[in-house]
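*Asks:* Mind folding the following:
(one chain, ligands or ions: 1)
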Amino acid sequence: MGTYTISGSYIQPTFPSLGHSPFASKLPFIRKLGFFNSAACAGFSSFEVKDVSFRPPGTQLYLLKDVSLSLPEKRFGLIFGQSGSGKTTLLQLLAGLSKPTTGSICVQRYDDKGHPIVSPEKLTPERVGIVFQFPERYFLADSVLGEITFGWPRQKGNLQLKQQLALNLQRAINWVGLSGIPLDKDPHSLSGGYKRRLALAIQLVQTPDLLILDEPLAGLDWKARAELVRLLKYLKTELTILVVSHDLKELAALVDCSWRMEMGGLLRKEPLAL
Ligand SMILES: Nc1ncnc2c1ncn2[C@@H]1O[C@H](COP(=O)(O)OP(=O)(O)OP(=O)(O)O)[C@@H](O)[C@H]1O
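*Replies:* Here you go, the predicted structure:
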């Protein structure tokens, strides 16, 4: 693993060449590294799912049928619906973990008047951060810093990328309110709420254009849930967030767009009725 100099609240990673890490094959697919800097120009972007159907390879059953949705940047979207209806399946497609059988998942740029500018771009996995249900179950490192940097490049070179990662790391830790936690603390010893913050920080290091959360409040006590909702309210000012959750009441104040997933993988827009 790389080594890190921690001085005050600053972190300086150094990356020795380790060749092929024995952990590489176990690297969870959620630790994707990538960068995308949204073009700073007028107008806005929207994440657009168009007529997506999905049938797992080798099966005849469609889990999603003609799903369409549009989520403008810096908005908070919520998908709800019965267990087994296909919500997680849709998130996996958005994160690029499976490919739609038909349909497209794109980012469309619009001008100030809402007219599309240029052709839609494919939403690539590097532009998406995903935090699965109970992300703490996938923690592998024995320190907070090790957990955040687990998927970072270990080989020599690409200094610019590493410097950028270190800066992003500092920002992600501040964003999620982990700056008071020693970076050498065992992540397994954190409280439930802080484990979720850590899972978020891991994804925020890559500055995702779209942050996807599957049941972010599940399994937390009331206090940790309230704190996480507050954190999501703040993150919403910086990022586009799409959440799958059964906790409609607690998230309602954050939600800009909502959809119900019907059994059989049919998605329809539906405002929250609380
Ligand atoms: N690879 C697969 N092959 C066949 N069926 C699958 C596959 N993956 C998921 N399913 C089935 O697809 C349906 C939708 O699953 P999914 O996990 O997306 O539902 P969900 O709405 O997220 O449920 P929950 O709220 O319980 O997480 C379920 O019936 C599930 O068993």
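
*Asks:* make it CA atoms for all contacts and neighbour counts henceforth
*Replies:* Fine.

*Asks:* next structured bit after the strand or helix carrying residue 228?
*Replies:* Assigned by DSSP states H and E, residue 228 belongs to helix 222-235. Once the chain leaves helix 222-235, the next helix or strand it forms, by DSSP H and E, is strand 240-244.

*Asks:* Also compute the angle for that following strand relative to helix 222-235, please.
*Replies:* Angle, strand 240-244 to helix 222-235, by axes from the mean of the first three to the mean of the last three C-alpha atoms, to 10 degrees: 150 degrees.

*Asks:* For the nearest residue to residue 239 once chain neighbours are set aside, list the residues it contacts.
*Replies:* Leaving out its chain neighbours, the residue that sits closest to residue 239 by C-alpha to C-alpha, 6 or more residues apart in numbering is residue 74, at 4.9 Å. Contacts for residue 74 (C-alpha atoms under 8 Å, 6 or more residues apart in numbering) come out as 236-241.

*Asks:* Export only the CA atoms of the helix holding residue 228, formatted as PDB.
*Replies:* In PDB, the C-alpha atoms belonging to helix 222-235 read as follows (Å, rounded to 0.1, in the frame of the first residue of the first chain):
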ATOM      1  CA  TRP A 222     -32.700   8.300  14.500                       C
ATOM      2  CA  LYS A 223     -29.900  10.600  15.400                       C
ATOM      3  CA  ALA A 224     -27.600   9.300  12.700                       C
ATOM      4  CA  ARG A 225     -30.400   9.400  10.200                       C
ATOM      5  CA  ALA A 226     -31.100  13.000  11.000                       C
ATOM      6  CA  GLU A 227     -27.500  13.900  10.700                       C
ATOM      7  CA  LEU A 228     -27.200  12.100   7.400                       C
ATOM      8  CA  VAL A 229     -30.200  13.900   6.000                       C
ATOM      9  CA  ARG A 230     -28.600  17.200   7.000                       C
ATOM     10  CA  LEU A 231     -25.400  16.100   5.200                       C
ATOM     11  CA  LEU A 232     -27.300  15.200   2.100                       C
ATOM     12  CA  LYS A 233     -29.000  18.600   2.200                       C
ATOM     13  CA  TYR A 234     -25.600  20.200   2.100                       C
ATOM     14  CA  LEU A 235     -24.300  17.800  -0.600                       C
END
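
*Asks:* Need the contact partners of stretch 199-208.
*Replies:* Against stretch 199-208 from outside (C-alpha under 8 Å, 6+ apart): 31, 33-36, 126-131, 135-136, 147-149, 165, 168-169, 171-173, 175-176, 211, 239.

*Asks:* Out of the contacts of residue 74, give me the one that has the most neighbours.
*Replies:* Compared across these, residue 241 has the highest neighbour count, 27 neighbours, by other C-alpha atoms under 10 Å.
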